[in-house]
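> Provided below are the primary sequence and the corresponding predicted coordinates.
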Amino acid sequence: MYMEEYRKARQLGLKEAKLCQSRGGSPYLPVLDEILAEETTCGEVDLGLVDIPMELIVGTRTAGRSQALSRSFYPLMAEDSEFAHKWVALCKAHMDEGINDPIKVYEYMHTFYVEEGNKRVSVLHYFGAVNVPAMVTRILPVKNDSKASIIYYEYVDFYRLTGVNYLWFSGVGRFAKLQLAVGKGPDEPWTEEDRRKFYSFYHSFSALYGDKSAKELAGRMTTADAMLLYLNMFDYSEVKGWSQTQLEEGFLQLHQAFSVKKKGLQDLKGLKGLLGL
């Protein structure tokens, strides 16, 4: 039974690896040590135990296990390997009682790299987990005038106030705009209730934005970019209590405002101007 799950997961991994190779990319996980060898950093920060989004776990800290897993953490090793048998044991544990032990990761530029727990991530990802508990160490890049650096350090400041790690904006200044949009002062921390209510709203909005009908709106915008536009149209104090139907109606208005055919190019530019797009 459990080995059958491994076979299914491995097939997904082999398929993904083959697709990556056909596109000229590496079939294996990125290695943070190799990335840092070409970058300059300026220290580490211990963030402690944090729930991190599975979708932001992108690689391993060292090269040791990088070739045992595909880019999405599906297993690649043969069924008679030690790795496979350990994966199957974790699979059984997860299905019987759940995997609760935190993994150990390093965060660099808003992505996470696993030092301990690659197989746990693989099993949890296979079974569709959204978040995973982790002991997190943040590696800080050297500040510079690049757009990527500015946005990252805006995120660091926002995280210090909110503890929110699942958002990312594609432009400068938007974390501060979100802080104001939710009714907080520039340096006002969020409460646990603030985080809970915002996550509920963001999760519901993400489900709408991820729908196929939203592709016209997407472009190069992140989900957070689109959400900030939404909060420019509707007050957060109201929408955080809306039903899914009300959120869908509001999203339709946002989507229509981005339709050049229906609203005209001038309206489109006006909305994009709110984000500096």
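Noted; the coordinates are in hand.
> Distance check, Val50 against Asp33.
Going from Val50 to Asp33 by Cβ to Cβ, to the nearest Å gives 22 Å. C-beta coordinates here come from the backbone N, C-alpha and C atoms, glycine included.
> So if I had to pick from the two, which one is more boxed in?
It is Val50, of Val50 and Asp33, that has more neighbours when counted by other Cβ atoms under 10 Å, with 19 against 15.
> Helix, strand, or coil at the spatially closest residue to that one that is not a sequence neighbour?
What sits nearest to Val50 in space, not counting adjacent residues and going by Cβ to Cβ, 6 or more residues apart in numbering, is Val136, at 4.8 Å. Assigned state for Val136: strand (three-state reduction, DSSP: H, G, I helix; E, B strand; the rest coil).
> quick check, distance from stretch 89-97 to the centre of its chain.
A distance of 25 Å separates the centroid of the chain from that of stretch 89-97, by Cα atoms, centre = their mean, to the nearest Å.
> Okay, buried residues for that stretch please.
90-91, 93-94 (16 or more other Cβ atoms under 10 Å).
> what does stretch 66-86 give?
66-77, 83-84.
> got it, and stretch 11-20?
12-13, 16-17, 20.
> mind listing the helices for the chain?
2-22, 32-36, 82-96, 118-126, 147-162, 174-181, 192-209, 215-218, 223-233, 236-239, 244-257, 260-263, 265-273 (DSSP state H).
> quick check: mean pLDDT across the first one?
The predicted model gives helix 2-22 an average pLDDT of 94.
> I'd like to know which elements that helix is packed against.
helix 82-96, helix 118-126 (3 or more Cβ pairs under 8 Å, 6 or more residues apart in numbering; DSSP states H and E).
> same thing but 6 Å
helix 82-96 (3 or more Cβ pairs under 6 Å, 6 or more residues apart in numbering; DSSP states H and E).
> Contacts for the helix it packs on next, please.
Outside of helix 82-96, the residues within contact range by Cβ atoms under 6 Å, 6 or more residues apart in numbering are 2-3, 5-6, 68, 75, 77, 119, 123.
> out of the buried residues of stretch 66-86, who's nearest Ser237?
Of all those, Ser72 has the smallest distance to Ser237: 38.1 Å, by Cβ to Cβ.
> Against Met77, how distant is the nearest residue to the closest one once chain neighbours are set aside?
In this structure, Ser72 finds its nearest non-sequential neighbour in Glu16, 5.8 Å apart by Cβ to Cβ, 6+ apart. Look at Glu16 and Met77: by Cβ to Cβ, they are 14 Å apart.
> residue contacts, the most centrally placed residue in the chain?
With distances taken as Cα atoms, centre = their mean, Leu56 lies nearest the centre of the chain, 4.0 Å away. Shown in contact with Leu56 (Cβ under 6 Å, 6+ apart): 111-112.
> Apply 8 Å and report the result again.
Neighbour list for Leu56: 110-112, 165-166 [criterion: Cβ atoms under 8 Å, 6 or more residues apart in numbering].
> Just give me the longest strand of this protein.
strand 41-53 (DSSP state E).
> helices or strands next to it in the packing?
strand 103-108, strand 131-141.
> The same query, at a cut-off of 6 Å, please.
strand 131-141.
> which of the residues in the strand it packs on are buried?
132, 134-141.
> next one: stretch 193-208
194, 197-198, 201-202, 204-205, 208.
> Repeat that for stretch 167-183.
167-169, 171, 174-175, 177-179, 181-182.
> Between the two ends of it, what distance do you get?
Stretch 167-183 has an end-to-end distance of 17 Å (criterion: Cα to Cα, to the nearest Å).
> mean confidence score for that stretch?
96.
> Off-centre distance for that stretch?
Worked out by Cα atoms, centre = their mean, stretch 167-183 lies 16 Å from the chain centre.
> Show me what that stretch is in contact with.
Counting by Cβ under 6 Å, 6+ apart, 110, 150-151, 154, 158, 222, 224-225, 228, 231, 236, 275-276 sit against stretch 167-183.
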